[in-house]
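Asks: coords please:
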Amino acid sequence: MSDPLLFVDNSANTVYLTGSKTITGLTTINNATTITDTTTINNATTINDTTTINNATTINDATTITGDCNMIGAQSYPNTPMAMMARSAGRVYSPNTYVCNVTAYNRGSCYNTGNGRFTAPVGFPGYYLCMYNGLGGHLDTGPNTRWYRNGSEFSWGAAHVNNNCSSRHGMTAMCIVYLNVGDYIELRVVTSSLYGGGQRHGTFCYKYISS
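Replies: Down below sits the predicted model:
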């Protein structure tokens, strides 16, 4: 009989997995745990309490981590929806959606450069961070914006200035919005205008942050 590959010591709660490991099937890991070196965990997994994961680790399928989790080394989230865009097609006047025509990143093709909408893709309903950083139109008085979700005003995070300017107002808008799959968010100019002459001064970022 060959020696077993894994010994379970029921006398202690602390568990160490060292060296290359593959754990397959329904798995529950309780109490203080350290996973070191290359490890693959397949299928539904629940990790409870304090956990440290060192070095290259792959966890596939549904996973719940409860309690403190200390992950050492680089983490990658390759499927997370996010986009960064800008406008170089000219000034945007009220009452219009600010539509970006220059795209730096558009993971999941969530941002539409034809209508200015960022849409939550299949598999990612949740909370999204929405940010705009730019300039008001030249010599404009009181440029003002609103976020719109699914065509209705979302009454948070407007970029709004109430006076005139000898050049351009600096404008910043940010909010967190919950989007179901297929929901969309856009920024509209509701007073005066916004600059649209280049990516340095008219940048948008959208990022999925949590389910």
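Asks: Low-confidence regions, this protein specifically.
Replies: For the chain, the stretches with pLDDT under 70 are 1-14, 43-44.
Asks: what about Leu179, neighbour count?
Replies: 24 (other CB atoms under 10 Å). Quick note: C-beta positions are derived from backbone N, CA and C, even for glycine.
Asks: That one contacts Tyr206, correct?
Replies: No: using CB atoms under 8 Å as the test, Leu179 is too far from Tyr206 to be in contact (9.7 Å).
Asks: Mind listing the shared neighbours of those two?
Replies: Residues touching both Leu179 and Tyr206 by CB atoms under 8 Å, 6 or more residues apart in numbering: Tyr128, Ile185.
Asks: Spit out the contact partners of Asn55.
Replies: Taking CB under 8 Å, 6+ apart, one finds Thr36, Asp37, Thr38, Ile72, Gly73 in contact with Asn55.
Asks: For whichever strand or helix holds Ile209, name the packing helices and strands.
Replies: According to DSSP states H and E, Ile209 maps onto strand 202-210. Under the contact definition 3 or more CB pairs under 8 Å, 6 or more residues apart in numbering; DSSP states H and E, strand 202-210 sits against strand 82-86, strand 126-135.
Asks: list the buried ones in the helix or strand just after the longest one?
Replies: Downstream of strand 126-135, the next assigned helix or strand under DSSP H and E is strand 144-149. By neighbour count, and taking 16 or more other CB atoms under 10 Å as the criterion, the buried residues in strand 144-149 are Asn144, Thr145, Arg146, Trp147, Tyr148, Arg149.
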